[in-house]
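Colleague: Quick one, what's the 3D model for this:
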Amino acid sequence: MKLIIPMAGRGTRLRPHTHVTPKPLLPVLGITIVERIVRTFVNLVPHKITDAVFVLGDFPAEVQEKLTEMCTKMGIDSEFGFQKEALGTAHAVYCAAEHLDGELIVIFADTLFYTHEPLNTEADIVAYVKQVTDPRRFGVVARDEEGRVTELIEKPNHDRFKEALIGIYYIKNGAQFRDTIAHMMENKLVGTRGEYEVTDALDMMMKAGAALETASVTDWLDCGTLSALAETTQFILDREGNQLFGDLINTTIIEPVYVGPGVTIRDSVIGPYTSIESGAEVNGSVVKHSIIFSNAEVADVVMDRSFIGHSAVIKQSAFSANIGDHTVIEYLTKPSTGVHKPPTGATS
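Modeller: I've put the predicted structure just below:
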């Protein structure tokens, strides 16, 4: 069984943090978004995942190296396709055409989820869904009066059907799926957005006799915007709890907090709902409801609901901000922040 993971998008809604790092490689509590997705399916499916096929955009070679390393760690072979222009979800999948055979799981890598339902690999197609109040922003599953799936509808103008498609599909016959997309592209069968859509390809397969079932998820976590990433981080902190791997010196932790390996924190108050990624350093600061990415340096700062990019340096300030990778911000005159260093011994 293969995982097909299109991830060629530039992640513009997460900028400036995706100028250097592709969105699926952003970490959530020390584990990248894409690795969390792959781990989910390694643990969920009854058959062994043999290959993970990543469809990439114009990314540096380092991205392939990181993905290969991730797969090797889980005993999976890594393969790559490349999408040079964005022509839709089906087009993105077809950029890995040479790998589209046998059993497939197609995953669009900006969504994390949890489910209690086992995957039914006897089905022709399984679409993962989540009940929503307002389905008009999503693709949805339409059913007849007997509950059978009849079609997939992109962004309906009514709220009759409330099972939203979360962008994850099991497909038993990968070759049929590949050939269906090829037929769409050869005949320019685009959807309402003028693009080649996976949902349209699956509709065509159903019309050709394939049966589609659904699997429900209990939680559907978006990582596509900064606010969504913050909410997802908070949700997973609640679920996984405190994780403290770094060095905490004269520091107070207000749970839940993630502190990654190689992090050093001195004379600070951290939390709640804060994630500090590997190699970062925090001194004399108060940090809450924030994400500090790897190797950043924060000193004499009070921050709330902020994002500090990889290798950014922030000193002497009080703010709520979104600071990109490799940024340096220093104040020549230290502002009055009202920060009081915790008393000696107030560590946890």
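Colleague: low-confidence ranges in the stretch 51-200 of the chain?
Modeller: For the stretch 51-200 of the chain, applying pLDDT under 70 flags no range at all.
Colleague: ranges for the strands of it?
Modeller: Defined through DSSP state E, counting those that start in this stretch, the strands belonging to the stretch 51-200 of the chain, from first to last, are 51-56, 77-82, 104-107, 111-114, 125-131, 139-143, 149-154, 163-171.
Colleague: For the last one, give me every contacting residue.
Modeller: Where contact means C-beta atoms under 8 Å, 6 or more residues apart in numbering, the residues beyond strand 163-171 that reach it are 89, 103-108, 110-111, 113, 119, 121, 123-132, 135, 138-141, 152, 177, 198-199, 202, 214, 216-217, 220. Backbone N, C-alpha and C define where each C-beta goes, glycine included.
Colleague: How is the protein divided into domains?
Modeller: In the assignment given by automatic domain parsing, the structural domains of the chain cover 2-227, 241-330.
Colleague: circling back to that earlier point, please check the contacts of strand 163-171 and keep the buried ones.
Modeller: Among the contacts of strand 163-171, those that count as buried by neighbour count (16 or more other C-beta atoms under 10 Å) are 89, 103-108, 110-111, 113, 119, 123-130, 132, 135, 138-141, 152, 177, 198-199, 202, 214, 217, 220.
Colleague: biggest helix in this protein by residues?
Modeller: When every helix of the chain is counted residue by residue (DSSP state H), the longest turns out to be helix 226-240.
Colleague: by contact count, what packs against the helix or strand that that one is followed by?
Modeller: From helix 226-240 onward toward the C-terminus, using DSSP states H and E, the following helix or strand is strand 243-244. If you count contacts as 3 or more C-beta pairs under 8 Å, 6 or more residues apart in numbering; DSSP states H and E, strand 243-244 packs onto strand 257-259.
Colleague: any residues touching the strand it packs on, and which ones?
Modeller: With C-beta under 8 Å, 6+ apart, strand 257-259 has contacts from 29-30, 237, 242-246, 248, 253, 265, 270-276.
Colleague: let's go with 10 Å and repeat that
Modeller: Identification of contacts with strand 257-259 by C-beta atoms under 10 Å, 6 or more residues apart in numbering yields 27-30, 233, 236-237, 240-248, 251, 253, 265, 270-278, 280, 282, 287-288, 291-292, 348.
Colleague: likewise stretch 147-158?
Modeller: 125, 127, 129, 135-144, 160-163, 165, 169, 191-193, 197-203, 206-207, 211-214.
Colleague: make it 7 Å
Modeller: When contacts are taken as C-beta atoms under 7 Å, 6 or more residues apart in numbering, the neighbours of stretch 147-158 outside the stretch itself are 135-144, 161, 165, 191-192, 197, 199, 202-203, 212, 214.
Colleague: Kindly report the same for stretch 35-46.
Modeller: Contacts of stretch 35-46 with the rest of the structure, by C-beta under 7 Å, 6+ apart, involve 1, 3, 28, 49, 52, 70, 74, 105, 107, 109, 112, 119, 121.
Colleague: switch the cut-off to 6 Å
Modeller: If you take C-beta atoms under 6 Å, 6 or more residues apart in numbering as the criterion, stretch 35-46 is touched by I49, M70, M74, I105, I107, A109, L112, L119.
Colleague: Mind putting those into a markdown table with distance to E98?
Modeller: Converted to a markdown table, the contacts of stretch 35-46 look like this (distance: C-beta to C-beta, whole Å):
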| residue | distance to E98 |
| --- | --- |
| I49 | 18 |
| M70 | 22 |
| M74 | 22 |
| I105 | 17 |
| I107 | 18 |
| A109 | 20 |
| L112 | 28 |
| L119 | 25 |
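Colleague: Could you point out which of these is nearest to D58?
Modeller: In terms of C-beta to C-beta, no member of those lies closer to D58 than A109, at 16.6 Å.
Colleague: residue contacts, that closest one?
Modeller: For A109, the contacting residues are I5, M7, P24, V34, I37, by C-beta under 6 Å, 6+ apart.
Colleague: from these, which is closest to H310?
Modeller: Ranking the contacts of A109 by separation from H310, with C-beta to C-beta as the measure, puts P24 on top at 15.2 Å.
Colleague: Compute the number of surrounding residues for that closest one.
Modeller: The local packing of P24 (other C-beta atoms under 10 Å) involves 26 other residues.
Colleague: Run a quick check on it versus P6, I expect a contact.
Modeller: No. Counting by C-beta atoms under 6 Å, no contact exists between P24 and P6, whose distance comes to 9.7 Å.
Colleague: on that earlier part again, name only those of the contacts of strand 257-259 that count as buried.
Modeller: Once neighbours are counted (16+ other C-beta under 10 Å), the buried part of these comes down to 27-30, 233, 236-237, 244, 246, 248, 251, 253, 265, 270-271, 273-278, 280, 282, 287-288, 291-292.
Colleague: Could you find the closest non-adjacent residue to P27?
Modeller: Ranked by C-beta to C-beta, 6 or more residues apart in numbering and with sequence neighbours excluded, the top spatial neighbour of P27 is E277, at 5.5 Å.
Colleague: what's the closest residue to N295 other than its chain neighbours in contact with, if anything?
Modeller: With C-beta to C-beta, 6+ apart as the criterion, N295 has its nearest non-adjacent residue at 4.2 Å, and that residue is G279. Neighbour list for G279: G262, S294, N295 [criterion: C-beta under 6 Å, 6+ apart].
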